[in-house]
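J.: Below is the structure, and that's it, no one-letter string:
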């Protein structure tokens, strides 16, 4: 692996068509460029990362400052049909931060920088070949009534302690029947509304049990349970053991193991 670095080229600078025997990441920091192959030209702008596989005849037309690094990777070099991959570096995608970290390693060369750069490149290649993260609005969206219910919960549970919100109250707040709210929750989260609401409060209790030294009574109050007895009863019904034992168990079940609870928690609290 070569040292990650940056380069500046004036307008009109050109790297003629050539073949390299390793892989290269290229990303624009400023300006524009064109990636040129024998089959066409691809514009490059800031916010995108290009993976160039070995053995490809290619060149660049430059008017840009860019970062780059040459490296080898078996997932790329062993694929005889891999083509160049251009992916965005934006939103929740971690690639922009990883690319900036690579440049810092190359410039500062801290102790162990080469091994750290190798690990960073491993992750970047994995992310690039797996494809970009889906945009939030591309994910399957809950029904309008479920989205409205989420907004109610976001407001009600913005700060602890969590107040117990019942299904009837939530249905009235979003102006649907209890039965309809249950149907949209089952469709969107694979749980009835009551089960989902309790699952959220228990998932918060679970985190407080494992990550704080709050008493069980304090956790019960923080998570909207009437008292310690009610909390212990409902916790044991869902987890198979009381909260006192769960706190010291080496590895217990988790509400977050259920995709619906996990998704709902993300919508309400993230």
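T.: Perfect, thanks for sending it. These numbers come from a predicted model, not from an experiment. Residues are numbered from 1 along each chain as shown.

J.: If you average the pLDDT over stretch 106-122, what comes out?
T.: What stretch 106-122 shows for mean pLDDT is 94.

J.: Please disregard the earlier target; I meant stretch 152-163.
T.: 93.

J.: So which bits of it are buried?
T.: 152, 153, 156, 157, 162 (16 or more other Cβ atoms under 10 Å). All C-beta spots, glycine's among them, are computed from the backbone N, C-alpha and C.

J.: from these, which single one is nearest residue 214?
T.: Using Cβ to Cβ, residue 162 comes nearest to residue 214 of the buried residues of stretch 152-163, at 13.7 Å.

J.: Would you check how far apart the closest one and residue 256 are?
T.: According to Cβ to Cβ, to the nearest Å, residue 162 and residue 256 sit 16 Å apart.

J.: likewise residue 74?
T.: 34 Å.

J.: And for residue 223?
T.: 15 Å.

J.: returning to that earlier point: neighbour count for residue 74 and residue 256, which is higher?
T.: Applying other Cβ atoms under 10 Å to residue 74 and residue 256 shows that residue 256 carries more neighbours, namely 14 against 8.

J.: Please, where are all the helices along the stretch 51-200 of the chain?
T.: For the stretch 51-200 of the chain, the helices defined by DSSP state H, counting those that start in this stretch occupy 74-77, 95-108, 113-130, 144-156, 167-173, 178-189, 193-211.

J.: Of these, which shows the lowest average pLDDT?
T.: helix 74-77 (a mean of 72).

J.: Mind giving me the packing neighbours of that one?
T.: Using 3 or more Cβ pairs under 8 Å, 6 or more residues apart in numbering; DSSP states H and E, the elements in contact with helix 74-77 are helix 113-130.

J.: on that earlier part again, nearest to residue 38, of the buried residues of stretch 152-163?
T.: For the buried residues of stretch 152-163, the closest approach to residue 38 (Cβ to Cβ) belongs to residue 153, at 55.8 Å.

J.: From what I see, the closest one and residue 268 are in contact.
T.: Yes: judged on Cβ atoms under 8 Å, residue 153 makes contact with residue 268 at a distance of 4.9 Å.

J.: what touches both of those two?
T.: Listed contacts common to residue 153 and residue 268 are residue 200; contacts here mean Cβ atoms under 8 Å, 6 or more residues apart in numbering.

J.: Dump the helices of the stretch 51-200 of the chain into CSV; add distance to residue 262 as well.
T.: Shown next, in CSV, are the helices of the stretch 51-200 of the chain (distance: least, Cβ to Cβ, whole Å):
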stretch, distance to residue 262
helix 74-77, 29
helix 95-108, 24
helix 113-130, 20
helix 144-156, 14
helix 167-173, 20
helix 178-189, 9
helix 193-211, 8
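
J.: and residue 53, which of those helices is closest to it?
T.: Closest approach to residue 53 among the helices of the stretch 51-200 of the chain (Cβ to Cβ): helix 74-77, 5.3 Å.

J.: Pull the residues that contact that closest one.
T.: Helix 74-77 has contacts (Cβ under 8 Å, 6+ apart) with 22, 23, 51, 53, 54, 82, 125, 126, 129.

J.: which residue lies farthest from the center of this protein?
T.: Going by Cα atoms, centre = their mean, the residue of the chain most distant from its centre is residue 12, 38.9 Å out.

J.: what residues are up against that one?
T.: Counting by Cβ under 8 Å, 6+ apart, residue 12 makes contact with residue 63.

J.: hmm, 10 Å instead?
T.: 61, 62, 63 (Cβ atoms under 10 Å, 6 or more residues apart in numbering).

J.: Top of those by number of neighbours, please.
T.: With neighbours taken as other Cβ under 10 Å, the top of those is residue 62, carrying 22 neighbours.

J.: Roughly how far does that one sit from residue 125?
T.: Between residue 62 and residue 125 the distance is 24 Å, computed by Cβ to Cβ.

J.: next one: residue 182
T.: According to Cβ to Cβ, residue 182 and residue 125 sit 45 Å apart.
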